[in-house]
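Undergrad: Fold the following and give me the result.
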Amino acid sequence: MDAHDDNLATGTLLEEQREARLDEDDRLRPQFVEAVRDALEAGDDTLAHDLVEPLHPADIADLFELFGRDERPALGLAIAELMSGEVIAELNEHVRDELLEDLSPDAVAQIAGQLETDDAVALIEDLDNADRDAVLAGMAAGDRAAIENALSFPEESAGRLMQRDFVAVPEHITVGDLIDFLRENTGLATDFWEVFVVDPAMRPIGTCQLSWILRTPRNIAIADVMKRDQTLIPAEMDQEEVGLRFQKYALISAAVVDRSGRLIGQITADDVVHIMSEEAGEDALLMSGAGEGDINQPIRQSYHERVRWLIANLGTALLASFIIAMFEDAIKTLVALAVLMPIVASIGGNAGTQTMAVTVRALATNQITKSNTRRVLWREMRVALLNGVTVAILVGIGTALVFTPLLGLVIAIAVVVNIITAGIIGMVVPVIFDRLDQDPAVASSVFVTMMTDSMGFFAFLGLAVASGITG
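TA: Numbers count the residues shown, from 1 in each chain. This next block holds a predicted model:
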C-alpha cells in the first residue's frame, strides 16, 4: 500500500470516528454521550478522556451542557486537561458560572489569561466584586489592565465586545515595509483581516485588506492603496447597533474608537455573528415574557422572570372578563354568543401577534424609523383590512349557515373591526416602547393580547346588542 492509499485509509477512519460521535447535523449522538457517562460511572476516567479528546472545543462544551449539574464535576475532573480557554468560552453562561463556582480564583485567572479580552470579560463580568478582584489579582499585569479597561464600558457595548489586539501602522510606509513589519513582529495579533492606518494621534485614517497588501508591489506607499472611507464604531455603541452596521455595510472587521477618535480596538465578524444570533433569540423570548428562556437557567431565576408577566396577564384577562360581564344578560338570552366569542378573540390575537412580530423585527433592523412610521402604519392597516375582510366572509358565511344570517353579519363586522384594531395595536405598542427607549420586544404580546381580546369581545357583544339579535 503506497502513501496515497495510507492517507485515504486514515481519512476514511477519521471520518468514521467522527460520524460515530456526531450526527448529520453535527450534534453529539446520544450513544456517544451515554458511552462517556458509562465510563464515568464505571470509574474509568481514562476511557472518558480518550472518548472526549478528539472533539472540537465547541463539541466539548456541548457535551458538558448535556450532562446534569450533579454529573459535571466528575466529567470536569476526567477531562481537566481538555478544558481549555476555548472550551470555557463556548460554554453556556449559566453552565460556565456553575463551573467557576467550583474553581479557585487562581484557576479562573489562568483560564481567563488564555482567552481573547472579550471572552475573558464575559467570563468574569458576572462575578461578585470580591471574586472578580481575586481573579484579576491572579492575572498578568497586561491582561488585567485590558480587562479592567473593558469593564469600564457599559454592558453589551462595543467596548466590551471589542478585541484589544489589532495591527495599526502609519501612512508614510510602503507595502514592503508593512510586510516586513508583519513578519518580524511575532507579538502581533494572530487573527486579523485588515491593517488599520493611523495618524500620529492614533486616529484611524484608512484600512488595508490583507489581499490588497499581498497583491501590491513592495515599493507602493500604503497611502496609495489604503481605503480611506471606513466604518468606525464608537466604544459606547450598543452591540445590537454594531451588528446592524456590520450587516448593512457587509463588514469583516471594523475599528473601535474612543470619544476622542483614537483607535482602541477592533470588532470582527465572528464576534458579531454570535451577537446577532443572541439578540434575535432574546427578542423572541422577550415578546412572550419568557425571560432568557435558557434551559440551563436556575429554576428560581426562570420562575421570577416568567411569573411577573403571567400575573400581568391575569390583570389584563380580568379586563376582558369585565367586558363580558357587561353583556351578561345578552349572553344568557343567546347562548350562541358564548360559543362564538372565542373565535373573534382568537383571530384578533393571532393578527396582533403577526403584526407585532413584524414590527419588532423592523425596529430591531432599523427598517422603521421616525421618518417612515406613519407610512408603515398605513401599510399595516391596509394589510389588516384585507385580512379582516377575507376572514370575515368565511366566518360570516359559516355562522349564517349554522345559526342566523344576522348573527353571521354581526360576527363578520366584529372580526373586521378586531383585526384592524390588532393591526394598529400590534404596531403601535412596540413603537411606543421604542420611543421610550425601552426594548420593543419586552412582553409586548401581553398588552397586545389584552387589547385585542377586549376589543373583540366589546365589538362582537356590542354589535349583537345593538342589532337587536338578543331580543
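
Undergrad: domain ranges for this structure?
TA: Per automatic domain parsing, the structural domains of the chain span 3-160, 168-288, 299-467.

Undergrad: quick one, which of those is packed in tightest?
TA: Mean neighbours per residue, mean count of other CB atoms under 10 Å, is largest over the domains of the chain for domain 299-467, with a mean of 18. Just so you know, the C-beta spots here come from the backbone N, C-alpha and C atoms, and that holds for glycine as well.

Undergrad: Ends of that one, what's the gap?
TA: With CA to CA, to the nearest Å as the measure, the ends of domain 299-467 fall 52 Å from one another.

Undergrad: now it: mean pLDDT?
TA: For domain 299-467, mean pLDDT rounds to 86.

Undergrad: swap in stretch 75-90?
TA: Per-region confidence: stretch 75-90 scores 86 on mean pLDDT.

Undergrad: contacts for that stretch?
TA: With contact meaning CB atoms under 8 Å, 6 or more residues apart in numbering, stretch 75-90 is reached by 36, 39-40, 45, 48-49, 52-53, 57-58, 60-64, 67, 96, 99, 102, 111-116, 119, 122-123.

Undergrad: Beyond the helix or strand hosting residue 384, next helix or strand please.
TA: Assigning secondary structure by DSSP states H and E places residue 384 in helix 373-402. Once the chain leaves helix 373-402, the next helix or strand it forms, by DSSP H and E, is helix 405-435.

Undergrad: Helix 373-402 and that next one, what's the angle between them?
TA: 160 degrees (axes from the mean of the first three to the mean of the last three CA atoms, to 10 degrees).

Undergrad: Which elements pack onto helix 405-435?
TA: When contacts are defined as 3 or more CB pairs under 8 Å, 6 or more residues apart in numbering; DSSP states H and E, helix 405-435 sits against helix 336-364, helix 373-402, helix 444-467.

Undergrad: Next one: the closest residue to residue 103 other than its chain neighbours relative to residue 276, how far apart?
TA: Spatial nearest neighbour of residue 103, chain neighbours left out: residue 111 (7.8 Å); criterion: CB to CB, 6 or more residues apart in numbering. Using CB to CB, to the nearest Å, one gets 26 Å for the distance from residue 111 to residue 276.

Undergrad: Partner strands of the host helix or strand of residue 254 and their direction?
TA: Using DSSP H and E, residue 254 falls within strand 253-257. Sheet pairing here is set by DSSP bridges, and for strand 253-257 it gives strand 232-234 (parallel), strand 263-268 (antiparallel).

Undergrad: Please work out the average pLDDT along the helix or strand harbouring residue 109.
TA: Using DSSP H and E, the element containing residue 109 is helix 105-113. Mean pLDDT, helix 105-113: 83.

Undergrad: OK, contacts around residue 423?
TA: Applying CB under 8 Å, 6+ apart to residue 423 gives the contacts 351-352, 355, 380-381, 383-385, 387.

Undergrad: Distance of the residue nearest to residue 59 when sequence neighbours are not counted relative to residue 141?
TA: Closest residue to residue 59 apart from its sequence neighbours, by CB to CB, 6+ apart: residue 28 at 6.3 Å. Residue 28 sits 40 Å away from residue 141, going by CB to CB.

Undergrad: Grab the CA positions of stretch 75-83 and hand them over as PDB.
TA: Extracted C-alpha coordinates of stretch 75-83, given in PDB (Å, rounded to 0.1, in the frame of the first residue of the first chain):
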ATOM      1  CA  LEU A  75     -16.700  14.900  33.800                       C
ATOM      2  CA  GLY A  76     -14.700  18.000  34.600                       C
ATOM      3  CA  LEU A  77     -12.100  16.000  36.600                       C
ATOM      4  CA  ALA A  78     -11.800  13.300  33.900                       C
ATOM      5  CA  ILE A  79     -11.200  15.800  31.100                       C
ATOM      6  CA  ALA A  80      -9.500  18.600  33.100                       C
ATOM      7  CA  GLU A  81      -6.600  19.000  30.700                       C
ATOM      8  CA  LEU A  82      -9.100  19.300  27.800                       C
ATOM      9  CA  MET A  83     -11.000  22.200  29.500                       C
END
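
Undergrad: how distant is that stretch from the center of its chain?
TA: 29 Å (CA atoms, centre = their mean, to the nearest Å).

Undergrad: Equivalent analysis for stretch 371-391, please.
TA: Using CA atoms, centre = their mean, the offset of stretch 371-391 from its chain centre is 28 Å.
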